[in-house]
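A.B. asks: predicted model and sequence follow; I will ask about them next.
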Amino acid sequence: MQLHVRVIEDADLLADLAATAVARSLQAAMAEHDDPVSLFLSGGSTPRVTYTRLIDQELDWSRVHVFLGDERWVGSDHQDSNARMAREAFVEDIEATFHVLPTHFESPHEAADHYEQTLSELFGSEGFRADLVILGIGTDGHTASLFPGTEALDETERLYVANWVPDKEMWRLSATFRLLKHAAHVMFLATGAAKAEVVAQILEGAVAYPARTVMEGAADVTWFLDQAAAAHLSHEFLASHA
């Protein structure tokens, strides 16, 4: 794993720089192979601002297949839907192919099965490697919808599963460690003082939160942090991972 940590002055500039990094990562993937290029999105307010800046990036979006790293078990037009957020932020303004999780199915398990089948049809079920995964992080160390203590953390075969989250009292649909850990590039976006402690525990303390587990398998991991989120990281650590 190659780890890079970028500390940006404020959240607005972070969104600009992260959007540029997303475009460069996708362009590199296009240069490396002729297959469809896969981009997995996170929900959350910090990623959303970055997505709005992607509209202005010069990129052949027609080669990009956009997926959701996770989704709530709600309709695609629901105010809490990650799909709705992504469409409104940028997807409806570009030419990429957007694969929405089919939350109209009778059960979240059927929806997860269908989404995994879509991935298999496009990329094959064996050896699939996502080109770029964008992730946020919760104050409990969760990422995507892989929450501490939930059953999805033990899944080793599937790429996508339904995951019951007791603390939220709802079903979530989520990419698994098998998908996230084997990505070519994982990009974490985190802002605000509320994230500072968990960021330091993951990066310097190596605490085994789900976000840390994702990092341990990916080829290239980049963290974009504003100064508030990076406040508990040591100068030595930041200097060695710039």
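C.D. replies: Received the coordinates, thanks. Numbering: from 1, shown residues only.
A.B. asks: count the residues that sit near D12.
C.D. replies: 12 (other C-beta atoms under 10 Å). To be clear about C-beta, it is placed using only N, CA and C from the backbone, and glycine gets the same treatment.
A.B. asks: surely it is in contact with V49?
C.D. replies: Yes - contact criterion C-beta atoms under 8 Å: D12 and V49 qualify, at 7.5 Å.
A.B. asks: where does the prediction get shaky in this structure?
C.D. replies: For the chain, the stretches with pLDDT under 70 are 125.
A.B. asks: how about the helices in it?
C.D. replies: Per DSSP state H, the chain carries helices over the ranges 11-32, 45-54, 82-89, 108-123, 177-180, 196-203, 210-215, 235-240.
A.B. asks: and the first one with helix 45-54, angle?
C.D. replies: The reference is to helix 11-32. For helix 11-32 against helix 45-54, the angle by axes from the mean of the first three to the mean of the last three C-alpha atoms, to 10 degrees is 60 degrees.
A.B. asks: looking at the helices of the chain, which is closest to F224?
C.D. replies: helix 11-32 (4.8 Å; C-beta to C-beta).
A.B. asks: can you list contacts of that closest one?
C.D. replies: The contact list for helix 11-32 (C-beta atoms under 8 Å, 6 or more residues apart in numbering) reads 6, 8, 37, 39, 46, 49-54, 56-60, 63-64, 131-132, 134, 184-185, 187, 189, 191-192, 222, 224-226.
A.B. asks: filter the residues you listed down to the buried ones.
C.D. replies: Taking 16 or more other C-beta atoms under 10 Å as the criterion, what is buried in the contacts of helix 11-32 is 6, 8, 37, 39, 46, 49-51, 53-54, 57, 59, 63-64, 131-132, 134, 184-185, 187, 189, 191, 222, 224-226.
A.B. asks: narrow those residues to those in strands?
C.D. replies: In strands, defined here by DSSP state E, the members of these are 6, 8, 37, 39, 64, 132, 134, 185, 187, 189, 222, 224-226.
A.B. asks: can you redo those as a markdown table with distance to A206?
C.D. replies: Formatted as a markdown table, those follow (distance: C-beta to C-beta, whole Å):
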| residue | distance to A206 |
| --- | --- |
| R6 | 20 |
| I8 | 24 |
| V37 | 32 |
| L39 | 28 |
| V64 | 33 |
| L132 | 24 |
| I134 | 23 |
| H185 | 21 |
| M187 | 20 |
| L189 | 21 |
| T222 | 18 |
| F224 | 20 |
| L225 | 17 |
| D226 | 22 |
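A.B. asks: show me the two of those residues that sit farthest apart.
C.D. replies: Every pair in these was compared (C-beta to C-beta); the two farthest apart turn out to be V37 and D226, at 28.1 Å.
A.B. asks: off-centre distance for stretch 72-86?
C.D. replies: Computed by C-alpha atoms, centre = their mean, to the nearest Å, the separation of stretch 72-86 from the middle of its chain amounts to 16 Å.
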